[in-house]
Structures are given as structure tokens and as C-alpha cells.
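Colleague: predicted model and sequence follow; I will ask about them next.
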Amino acid sequence: MSSFRVAAIPTEIAESVRKTGKDPQYGFPVHMEVAAGRAPCRHCLQLIRMKEEKLFLFTYDPFQELGVPPLPGPVYIHAGPCERHVGASSIPEEYRGRQLTFAAYGTSRQLMTELRLTNGNEDEEAQALFANPVVKYIHVRSTEAGCYLFRLDRM
Ligand SMILES: [Zn+2]
């Protein structure tokens, strides 16, 4: 069985956004509002409570330090402090049964496989992708919104 680790965005990125009001990769101003819809925090990977909690929306390139070309897009984090998600070999509960896209990359950011999940089996599908030794990591995106959610790293 191929084990994997769930990688949320680094804490330094989240803290920098909260402290400066700009995203640390591009320097664009971040947007703050009370969550109005389904908004997963890319740091703790919990949902930001609708009509209750504030979020920051900012531009993030999930390929930073992994290769070129970059693929920047909008992501949310809690406006207030939260704990970075730590987990292994299991997709966080909030994302199970959702329409997810698994994009499996090899070295030099080469896209090996793209898989659209619709009916669960997230852990098994990820393990099956990692069974291919050329797959180095998987980016998990929302199929509907296209937004980057988190990364799965080979353990
Ligand atoms: Zn959070």
C-alpha cells in the first residue's frame, strides 16, 4: 500500500497573509469578508463557518518550490489563527464524497494523470495513483470551482 501525507499550505504563508494583508508570493492585496458559501480553509482544511467566521481570499501558487510554470489561483484561509492540518493516508472528512480532481505530478512538474472523483473512495484512489512510482505528489482541486485545496505527498 502506498502511504501519503496531507500537505496544507505552509503556516508561514497563512501568517504572512494575516499580518501584511498581501499575499507573500505576488504582493496582491488580500480580500477579507464573512464566509458567504462553502469556503474550505487551506491551512487547517476545516470549513470556514458560513455567516459566522471571517476569511481571507488571496492568490496562491501551489507549485512554489515544486516547478514551473506556476498555476496561481484564489484560495481561502481563516482570518483568525488556526492550526495547520496534519494527517496521513486519509483525505480530511470535509472533502469526502465531494467532486474532487486529483492531478498526479511527476518530477519537473509533469502532469501524469488527472482523475475526477465523484463518489468517494478518495483514499483508495490516491493510493492507486501513488502505486505508480513516477508519481511524486498529487494536487487536489475542487472540480466545480477549479480551486486548489491541498497536496498529497508520497510518504
Ligand atoms: Zn483555518
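Modeller: That came through, no problem.
Colleague: hey, which helix or strand in this structure has the poorest pLDDT?
Modeller: strand 86-88 (a mean of 91; mean pLDDT, DSSP states H and E).
Colleague: ok now it, how far from the chain's centre?
Modeller: Remark: strand 86-88 is offset 13 Å from the chain centroid, using C-alpha atoms, centre = their mean, to the nearest Å.
Colleague: and it, what does it pack onto?
Modeller: Judged by 3 or more C-beta pairs under 8 Å, 6 or more residues apart in numbering; DSSP states H and E, the packing partners of strand 86-88 are strand 4-7. For glycine as for every other residue, the C-beta is placed from the backbone atoms N, C-alpha and C.
Colleague: list the contacts of whichever helix or strand comes after the strand it packs on.
Modeller: Stepping forward along the backbone from strand 4-7, the first helix or strand reached (DSSP states H and E) is helix 11-20. Here helix 11-20 makes contact (C-beta atoms under 8 Å, 6 or more residues apart in numbering) with 23-25, 30, 42-43, 56, 58, 60, 77, 79, 81-82, 84.
Colleague: nothing else from me, thank you.
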